[in-house]
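Peer 1: one predicted model, sequence on top.
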Amino acid sequence: MINWLARSAMVTFYPRSEQFPGIDEMPLDEYLARFKRESAPLMWAGFVLGTLFFHLTPLFTVFIPLPAFALSAATRERHAQRLSSHRIYYVRQPVFLLKMIAGLLWGADPAVRSRLGLAPYPADPGTWRRS
Amino acid sequence: MTHFAFREEDLTLEVDYVVVGSGAGGATAANELARGGATVALIEAGPWRDPEDYPSSTYGAMRDVFDDWGVGIARGRALWPIVQASCVGGTTVINCAICVRTPEDVMLQWERDLGVGNKAWRDAIWKHQDKLEVELCAEVVPPEAAGRSSLLAAKGAEAVRYDGHPMTRYVKGCVGSGQCLQGCKQLKKQSLNLQFVPEVMALGGTVLSCAPAERVLLEGRRAVGVSGRFREPVTRRKGGRYTVRARKGVVVAASVTRTAPLLMASGVKHPLLGKGFRAHPGTGVFGVYDHDVDMNVGATQGWASVQYRIEPGMKVETLSIPPEMVASRLAGAGKELVARMGDYRRMAMWVVAVRAEAVGRIKRGLLGEVSVDYSFARPDMERLRKGLALLARTHFAAGAVKVLPGIYGLPYEIGPDQVDLIENGPLDPRSYILISSHLFGGTTMDKDPTRGVCDEYGRVHGYEGLVVADASVIPTTLGVNPQHTIMALARSFADRLLDA
Ligand SMILES: Cc1cc2nc3c(=O)[nH]c(=O)nc-3n(C[C@H](O)[C@H](O)[C@H](O)COP(=O)(O)OP(=O)(O)OC[C@H]3O[C@@H](n4cnc5c(N)ncnc54)[C@H](O)[C@@H]3O)c2cc1C
Ligand code: SF4
């Protein structure tokens, strides 16, 4: 469930454009599973809170008493914009974390990098000296 | 040559000196002790990653080399991230290796106000820096590796009429791959996992990695060893326990945020433990040009100015960051955000690091968790605004068509006649996202045991055989990048141990 909610929020932040692919064209489910498995517990907790916060607050941004996933794509995007530029710091912050974690996938995607004139990243080996 | 990585079995060793933490301070101290003929065990919380293990993406860097995914936060009115590494070589693996000598005015202030050092002490520090520069191949960034962002900064500073210079870094033959923050796979950066740590082993020392120390063992007021437990870096599963007895002494160099809490956990008593936290928090301003800058091509950091180090108290420098970091740094969401990313190739990011007056505190919670209380006061916010305005002016002088201030409450982009918006920008820390990577204090030096935790050789007042040899001992901000100072202090402290 949380992955489904996170996916919907992340897609709102990084949609497809003429220049770039959208995050929904990237291996988002695999990324979320990996992030849950690998991230520090505090980081994952912040991400979950950010996701829930995103979905529970449209009433205060676009004045519609529905969770964000039930809004149209355009209204959800307006909600995301208003949250990320909200005048209350503790509203902006959880959304910043959500956007950052989505951005780590989107901005490192080979297709995005290629549009920016950058070679794809080699894989992160995740290895270390064992002896 | 002995290296113990994560293991299930328990381990017991006995050596002359145990050094906790293998970063700028710890690796240098361990290396000097080993060169002096002592047997040394170097204990590192993180894993040992060689260049072929280094990550490429920011996600990989956060996962593999940052301390706890970079979730350290300085909590005050705003929440600002603290970035450090956790791996063999410590933060030298992910830093930009900028090498700046300890300014004389800073050391004179230490002598005058804290009774720390004298002329001979200062000369010894600089002499160590002379040698370190040779050993670690300190080199000015070659023009062909500088990258367009640094060349533009030089041009802009000249037009605005302040001094700047290509940086000197511990890098031999930089090829400008822009990957310093993920670790240099080109083997050009002289990080200490490649330099001093292997030498410690070659000299008969032992390295324990994936081995966070849990406490310094004390017998009365004498430090006699270190104990801890191996931890698997990915799953964080706990492995065997280890105890390393130290015949002569224990050197703690676990970083500013970890050294004081480790001493607290070990039962070291001093009313100032954890106090005196200081930093150079910094943030960037993007200039957008009418041509490609490709900031990711060239040295990650290539140019700097220290002209304003003393008044108003800041350093400005170039810093290249990859698209995935820019994506979260730019304001907005959705189509608007993605359209803004279209400017990436034409962007250059330059940063101001504030030599802040603010003083904070490092705390250890009941469950052992570490937190840092730290907040900018008005004078620091004013310095920050001045620095950001200077950078914006420099961008325009270098030909930027617009500047992205990245300040909450200001327009997303401004033109050349709007720099005053930054100058008069908000004074609320919450309007800015600052990151702290230059940290100081927590066990500061002072001749007087009632005013500082350590003396001028890092020896913890009131204890025997217990020395701190990392950035925690530094009692003020420096206004310059700290690694050179930390390493020279660590060497000098190790020499004093050997002399004793
Ligand atoms: C992104 C970035 C760029 C930077 N660029 C520069 C630069 O270009 N030039 C410069 O001068 N400075 C730079 N700095 C700052 C500089 O790298 C640090 O000031 C310096 O490395 C601090 O040295 P240290 O020995 O205090 O700690 P660190 O180098 O952080 O080393 C501490 C080590 O102790 C280990 N440790 C912690 N707890 C334990 C424990 N319980 N048991 C065992 N081990 C433990 C950690 O895992 C870590 O490896 C940069 C910092 C960052 C984050
Ligand atoms: S810019 Fe590239 S080659 Fe140069 S030191 Fe950094 S990582 Fe190494």
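Peer 2: Received the coordinates, thanks. Residues are numbered from 1 along each chain as shown, chains lettered A, B, ... in the order given. Ligands and ions are numbered 1, 2, ... in the order given.
Peer 1: do you know the pLDDT at B:Met1?
Peer 2: Listed pLDDT for B:Met1 reads 69.
Peer 1: so what would you say the end-to-end distance of stretch A:10-25 is?
Peer 2: 12 Å (Cα to Cα, to the nearest Å).
Peer 1: ok, it near chain B or not?
Peer 2: Yes: counting by Cβ under 8 Å from any Cβ of the partner chain, chain B has neighbours in stretch A:10-25: A:Thr12, A:Phe13, A:Tyr14, A:Pro15, A:Ser17, A:Gln19, A:Phe20. Using the backbone N, CA and C atoms, a C-beta is placed for each residue, glycine as well.
Peer 1: now, which of those residues lie within helices?
Peer 2: Here DSSP state H is the test, and the residues of stretch A:10-25 next to chain B give A:Thr12, A:Phe13 as lying in helices.
Peer 1: mind listing what B:Gly72 touches?
Peer 2: B:Pro81, B:Ile82, B:Val83, B:Gln84, B:Thr257, B:Val370, B:Val372 (Cβ atoms under 8 Å, 6 or more residues apart in numbering or on different chains).
Peer 1: swap in B:Ala45?
Peer 2: Neighbour list for B:Ala45: B:Gly21, B:Ser86, B:Cys210, B:Ala211, B:Pro212, B:Ala213, B:Arg231, B:Ala254, B:Arg258 [criterion: Cβ under 8 Å, 6+ apart].
Peer 1: is it possible to get a markdown table of the contacts of B:Gly72 that adds distance to B:Asp68 and pLDDT?
Peer 2: Listed next are the contacts of B:Gly72 as a markdown table, based on distance: Cβ to Cβ, whole Å; pLDDT from 0 to 100:
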| residue | distance to B:Asp68 | pLDDT |
| --- | --- | --- |
| B:Pro81 | 11 | 93 |
| B:Ile82 | 10 | 95 |
| B:Val83 | 11 | 95 |
| B:Gln84 | 9 | 96 |
| B:Thr257 | 10 | 97 |
| B:Val370 | 9 | 93 |
| B:Val372 | 13 | 97 |
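Peer 1: grab the longest helix from chain A for me.
Peer 2: Max-length helix for chain A by DSSP H is helix A:89-106.
Peer 1: I'd say B:Val351 and B:Gly282 touch.
Peer 2: Yes: between B:Val351 and B:Gly282 there is a contact at 4.9 Å, judged by Cβ atoms under 8 Å.
Peer 1: make TSV from the residues of stretch A:10-25 next to chain B and add distance to B:Leu421 and pLDDT to it.
Peer 2: Shown next, in TSV, are these (distance: Cβ to Cβ, whole Å; pLDDT from 0 to 100):
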residue	distance to B:Leu421	pLDDT
A:Thr12	29	97
A:Phe13	27	97
A:Tyr14	29	98
A:Pro15	30	97
A:Ser17	28	96
A:Gln19	29	96
A:Phe20	30	97
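Peer 1: between the residues of stretch A:10-25 next to chain B, which sits nearest B:Val116?
Peer 2: Ranked by distance to B:Val116 (Cβ to Cβ), the residues of stretch A:10-25 next to chain B are led by A:Phe13 at 49.5 Å.
Peer 1: show me the shaky parts of chain B.
Peer 2: For chain B, applying pLDDT under 70 flags the ranges B:1.
Peer 1: biggest helix in it by residues?
Peer 2: For chain B, the helix that runs over the most residues, judged by DSSP H, is helix B:378-397.
Peer 1: got the CA positions of it in PDB?
Peer 2: Presented in PDB, the C-alpha positions along helix B:378-397 are these (Å, rounded to 0.1, in the frame of the first residue of the first chain):
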ATOM      1  CA  ARG B 378      21.300  37.100  12.900                       C
ATOM      2  CA  PRO B 379      25.000  37.900  12.200                       C
ATOM      3  CA  ASP B 380      25.400  34.500  10.600                       C
ATOM      4  CA  MET B 381      22.300  35.000   8.500                       C
ATOM      5  CA  GLU B 382      23.700  38.400   7.400                       C
ATOM      6  CA  ARG B 383      27.000  36.800   6.400                       C
ATOM      7  CA  LEU B 384      25.000  34.200   4.400                       C
ATOM      8  CA  ARG B 385      23.000  36.800   2.500                       C
ATOM      9  CA  LYS B 386      26.200  38.800   1.700                       C
ATOM     10  CA  GLY B 387      27.800  35.600   0.400                       C
ATOM     11  CA  LEU B 388      24.900  34.600  -1.700                       C
ATOM     12  CA  ALA B 389      24.500  38.200  -3.100                       C
ATOM     13  CA  LEU B 390      28.300  38.200  -4.000                       C
ATOM     14  CA  LEU B 391      27.900  34.900  -5.800                       C
ATOM     15  CA  ALA B 392      24.900  36.200  -7.700                       C
ATOM     16  CA  ARG B 393      26.800  39.300  -8.800                       C
ATOM     17  CA  THR B 394      29.800  37.100  -9.800                       C
ATOM     18  CA  HIS B 395      27.500  34.900 -11.900                       C
ATOM     19  CA  PHE B 396      26.100  37.900 -13.700                       C
ATOM     20  CA  ALA B 397      29.600  39.400 -14.200                       C
END
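Peer 1: find the closest residue to ligand 1 in chain A.
Peer 2: Nearest residue of chain A to ligand 1: A:Trp128, at 12.9 Å (Cβ to the nearest ligand atom).
Peer 1: with chain B instead?
Peer 2: The minimum distance from chain B to ligand 1, using Cβ to the nearest ligand atom, falls at B:Gly23 (1.9 Å).
Peer 1: distance of that residue relative to A:Ser85?
Peer 2: 38 Å (Cβ to Cβ, to the nearest Å).
Peer 1: which one's more surrounded, the two?
Peer 2: B:Gly23 (33 against 16; other Cβ atoms under 10 Å in any protein chain shown).
Peer 1: the more buried one against B:Ser86, yeah?
Peer 2: No: in this structure B:Gly23 lies outside contact range of B:Ser86 using Cβ under 8 Å: 9.0 Å.
Peer 1: which residues touch B:Val197?
Peer 2: Counted by Cβ under 8 Å, 6+ apart, B:Val197 has contacts B:Ser22, B:Ala27, B:Ala30, B:Asn31, B:Leu42, B:Trp48, B:Val88, B:Gly89, B:Val207.
Peer 1: tell me how many other residues surround the first one.
Peer 2: Right, B:Ser22. Neighbour tally, B:Ser22, other Cβ under 10 Å: 35.
Peer 1: next, it: secondary structure please.
Peer 2: Using DSSP: H, G, I helix; E, B strand; the rest coil, the structure places B:Ser22 in coil.
Peer 1: repeat that for the fifth one.
Peer 2: When the structure is split into helix, strand and coil by three-state DSSP, B:Leu42 lands in strand.
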